[in-house]
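[1] Pasted the sequence and its predicted model underneath.
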Amino acid sequence: MTDGIVRIKQGREKPIRNRHPWIYSGAITHAENAVDGELVNVVDRNDRFLARGYWNSRSQIQVRIMSWEDEPIDDAWWRKKLQRALSLRSELNASGPRSACRLVNAENDFLPGLIIDRYANWYVLQALTQFIDKQKEVILGALVDVTGAENIYERSDVPARRKEGLASTVGPLRGGPLPDLIEIQENSKYLVDIAAGHKTGFYLDQRDNRRLLACLVKHHLAEGSGRAKLLNLFSYTGGFALAAGRFGALHSVNVDASRKALEMAERNFLHNGYEPATYGETAEFILADGFDYLRNCAEMNESFDFVLLDPPRFAGSKRQVQRAARGYKDLNLNAFKLVKEGGYLMTFSCSGGISRDLFRKIVFGALADCGRTAQVVKPLSAAADHPVSLSFPEGEYLKGLLLRVY
Ligand code: SAH
């Protein structure tokens, strides 16, 4: 079967030449023999080759580009691309035997629609698009060749698949049996449920930020301020609190709306040697809506040395931006009210529709309304094993600020 052809409108070739990987229907004159989930050649109006990608007529993004070279996308190609992604993680020293890291970050590793994470000796594959779904066996072969992976699990259960006309697929692909929980060593020991946890089991993207918080807490304690108090809002399984609690004297209040996440958080605390008998002064696990909880704390004039705000995505698209902005403003305003003089707020947005610039403006608006002052100690982003393709601004979804508040 020969690949289909997609012809681009005059004047719309520039982003493609600049290596942006997405082509929307509005940039296309017409498509010939293009089959959903199969490769197509992208050409300009004079039939000059621009790129090779894959087609899906049902998606708003009709072509995702796999290569800007006129080359076959075969087994050897997959091996080469996976090897390249892997070598970055080795060079970042992100691939110890018990550690966890993202090996393939989709468009940002020039492999649109494919996520591969590793948790100790388990690999988790997530196929986001029809082409990747169809190529699964080829990808698995290349992954085994390149990494020697023995245990591979599939977590293709993201809502984005529906837009591609795909159902959810979850289950073992190679090796096994899958243990109930996998222990990884990061800034602390964490138990991860790769079969049912969020994303592929854990928020790997926050690794460096957890380390930064741990470092701040350690030195804050060394300054002799006694026991430090952390409000870990949207705590999931306790990632930030456990990292920061390694240095003793921390009281963390972990708040999440998911009972399952909080149960795992408590299990993680036990696994790290915390005694339930001391929970009153070391850890609390509170099932609550984050917005309500924060508002109540502010009304009760509570105060914390550290406040961490890592809410779920509020705006995936431009249409949801305004509502999302109000949500972030509300959260950050109440968070500012709670931070002790000289304490810290670490605040994040993982909404694709909110730019780094806009996020900073929203947080500034909240600060101004609160009548306090703050410094940006560090702009924050996803860990280095989540690289962002420079030609793909959409790839930078996680943005945060470490602020010292006065
Ligand atoms: N900081 C975490 C990741 C947070 S992900 C880590 O490092 O692992 C966002 C979390 O917010 C999820 O655990 C989700 O269950 C929770 N959540 C979603 N909506 C919420 C709400 N309205 N109130 C409280 N928690 C919520």
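    Looks like it came in fine.
[2] Return the residues in contact with residue 73.
    By Cβ atoms under 8 Å, 6 or more residues apart in numbering, the contact list for residue 73 reads 39, 52, 66, 67. All C-beta spots, glycine's among them, are computed from the backbone N, C-alpha and C.
[3] and the closest residue to the first one other than its chain neighbours, how far is that from the ligand?
    In space, not counting the residues next to it along the chain, residue 39 is nearest to residue 3; the distance is 4.7 Å by Cβ to Cβ, 6 or more residues apart in numbering. Residue 3 sits 40 Å away from the ligand, going by Cβ to the nearest ligand atom, to the nearest Å.
[4] Now do the same contact list for residue 3.
    Contacts of residue 3 by Cβ under 8 Å, 6+ apart are 33, 38, 39, 40, 41, 52.
[5] who wins for neighbours among the residues you listed?
    residue 40 (24 neighbours; other Cβ atoms under 10 Å).
[6] pretty sure that residue contacts residue 28?
    No: checked against Cβ atoms under 8 Å, the pair residue 40 and residue 28 is beyond contact range at 10.2 Å.
[7] which residues do those two both contact?
    Common neighbours of residue 40 and residue 28 (Cβ under 8 Å, 6+ apart) are 6, 63.
[8] returning to what we had before: ok, and of the contacts of residue 3, which contact the ligand?
    With Cβ under 6 Å from any ligand atom as the criterion, those include none near the ligand.
[9] pLDDT below threshold where in the stretch 101-250 of the chain?
    225 (pLDDT under 70).
[10] could you pull out the strands for it?
    Counting by DSSP state E, counting those that start in this stretch, the stretch 101-250 of the chain has strands at residues 114-119, 122-127, 151-156, 169-174, 182-185, 189-192, 228-233, 250-256.
[11] if I look at residue 92, how far off is the ligand?
    For residue 92, the distance to the ligand equals 19 Å [Cβ to the nearest ligand atom].
[12] Check residue 204 too.
    Separation of residue 204 from the ligand (Cβ to the nearest ligand atom) stands at 9 Å.
[13] which residues touch the nearest residue to that residue once chain neighbours are set aside?
    Excluding the flanking residues, the one nearest residue 204 by Cβ to Cβ, 6+ apart is residue 102, at 5.4 Å. By Cβ under 8 Å, 6+ apart, the contact list for residue 102 reads 89, 115, 116, 117, 204, 205, 383, 385, 386.
[14] What separation is there between the residue nearest to the third one when sequence neighbours are not counted and residue 125?
    The one in question is residue 116. Distance criterion Cβ to Cβ, 6+ apart; nearest residue to residue 116, sequence neighbours excluded, is residue 104 at 4.0 Å. In this view, residue 104 and residue 125 are 9 Å apart by Cβ to Cβ, to the nearest Å.
[15] Now for those two: what residues contact both?
    Common contact partners of residue 104 and residue 125 (Cβ under 8 Å, 6+ apart): 114, 115, 116.
[16] Just the buried residues from those residues, in PyMOL please.
    To isolate the buried members of the shared contacts of residue 104 and residue 125 in PyMOL, using 16 or more other Cβ atoms under 10 Å:
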select buried, resi 114+115+116
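[17] So which bits of the stretch 301-406 of the chain are right by the ligand?
    In this structure, the stretch 301-406 of the chain approaches the ligand at residues 310, 311, 312, judged by Cβ under 6 Å from any ligand atom.
[18] interface residues of this protein facing the ligand?
    Applying Cβ under 6 Å from any ligand atom, we find that the chain lies next to the ligand at 203, 206, 234, 236-237, 239-240, 256-258, 261, 289-290, 310-312.
[19] Can you say which of those residues are buried?
    203, 206, 234, 236-237, 239-240, 256, 258, 261, 290, 310-311.
[20] burial measure for residue 285, as a count.
    Applying other Cβ under 10 Å, we find 21 residues neighbouring residue 285.
[21] Would you format the contacts of residue 73 as JSON lines with pLDDT and secondary structure included?
    Shown next, in JSON lines, are those (pLDDT from 0 to 100; DSSP: H, G, I helix; E, B strand; the rest coil):
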{"residue": "39", "pLDDT": "98", "secondary structure": "strand"}
{"residue": "52", "pLDDT": "98", "secondary structure": "strand"}
{"residue": "66", "pLDDT": "98", "secondary structure": "strand"}
{"residue": "67", "pLDDT": "98", "secondary structure": "strand"}
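[22] nearest spatial neighbour of whichever residue of the stretch 51-200 of the chain sits closest to the ligand, skipping sequence neighbours?
    Going by Cβ to the nearest ligand atom, the ligand is nearest to residue 198 of the stretch 51-200 of the chain, at 6.1 Å. Leaving aside its chain neighbours, residue 198 sits nearest to residue 236 (6.5 Å; criterion: Cβ to Cβ, 6+ apart).
[23] ok, of the buried ones among the residues of the chain next to the ligand, which one's closest to residue 11?
    residue 311 (39.8 Å; Cβ to Cβ).
[24] I figured the closest one hits residue 348, correct?
    Yes: Residue 311 is in contact with residue 348 according to Cβ under 8 Å; the separation is 7.3 Å.
[25] Contact partners for residue 396?
    Counted by Cβ under 8 Å, 6+ apart, residue 396 has contacts 356, 381, 382, 388.
[26] Could you rerun that using 7 Å?
    For residue 396, the contact set (Cβ atoms under 7 Å, 6 or more residues apart in numbering) comprises 381, 388.
[27] same question, the one 5 residues further on
    Counting by Cβ under 7 Å, 6+ apart, residue 401 touches 347, 360, 363, 376, 379, 380.
[28] give me that answer again for 8 Å
    Going by Cβ under 8 Å, 6+ apart, the list of residues near residue 401 reads 345, 346, 347, 359, 360, 363, 376, 378, 379, 380.
[29] For those residues, give me TSV that also has secondary structure.
    As requested, the contacts of residue 401 are exported to TSV (DSSP: H, G, I helix; E, B strand; the rest coil):
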residue	secondary structure
345	strand
346	strand
347	strand
359	helix
360	helix
363	helix
376	strand
378	strand
379	strand
380	strand
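[30] Thank you, goodbye.
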